[in-house]
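[1] Prediction below, plus the sequence it came from.
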Amino acid sequence: HKAAAMSNSGVLGGLSEAKKADASIQEICNKVKPDLEKMSGKVFTEFSAKLYKTQPVDGTNYFIKVHVGGQDYFHIRVFQSLPCDGEKLKLISYQHSKSLSDPIEYF
């Protein structure tokens, strides 16, 4: 029973199950897109959030699968600070050359 209780309580450090991206996740992606373009040296004409996982930390880490055209996907990690810290968004890192079937894992 312990494992079930832990997964439901959002224990610090654990990644959530993958969820279908919604408008709020797409908005996060839109806000960090210029940073990703700068970091990766690419310009994205397509940038569509598909799936995501969250990790509760001192704020929230979002691990988001983003479709960037064709069969290409990026996994991006975005940190959002707590409401008391202004809920600022920061692109932390990314993985490229991903496919739709690649699982979202911690990076």
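    Yep, that arrived.
[2] okay, and for this protein, where does confidence drop off?
    Scanning the chain for pLDDT under 70 picks out 1-13.
[3] and the longest helix for it?
    If you go by DSSP state H, the chain has its longest helix at helix 23-40.
[4] Name the residues of that helix that come out as buried.
    25, 26, 28, 29, 32, 33, 35, 36 (16 or more other Cβ atoms under 10 Å). Using the backbone N, CA and C atoms, a C-beta is placed for each residue, glycine as well.
[5] okay, those in JSON lines with distance to residue 73 next?
    Formatted as JSON lines, these follow (distance: Cβ to Cβ, whole Å):
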{"residue": "25", "distance to residue 73": "14"}
{"residue": "26", "distance to residue 73": "15"}
{"residue": "28", "distance to residue 73": "16"}
{"residue": "29", "distance to residue 73": "12"}
{"residue": "32", "distance to residue 73": "16"}
{"residue": "33", "distance to residue 73": "14"}
{"residue": "35", "distance to residue 73": "18"}
{"residue": "36", "distance to residue 73": "13"}
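[6] and the helix or strand residue 51 falls within, what other elements does it pack with?
    Using DSSP states H and E, residue 51 sits within strand 48-57. Secondary-structure packing of strand 48-57 (3 or more Cβ pairs under 8 Å, 6 or more residues apart in numbering; DSSP states H and E): strand 19-20, helix 23-40, strand 59-69.
[7] redo that, cut-off 6 Å
    With contacts defined as 3 or more Cβ pairs under 6 Å, 6 or more residues apart in numbering; DSSP states H and E, the packing partners of strand 48-57 are helix 23-40, strand 59-69.
[8] can you redo those as JSON lines with distance to residue 81?
    Converted to JSON lines, these look like this (distance: least, Cβ to Cβ, whole Å):
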{"stretch": "helix 23-40", "distance to residue 81": "13"}
{"stretch": "strand 59-69", "distance to residue 81": "4"}
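[9] For residue 46, which of the ones you listed is the nearest?
    Residue 46 sits nearest to strand 59-69 of all those, at 4.2 Å, using Cβ to Cβ.
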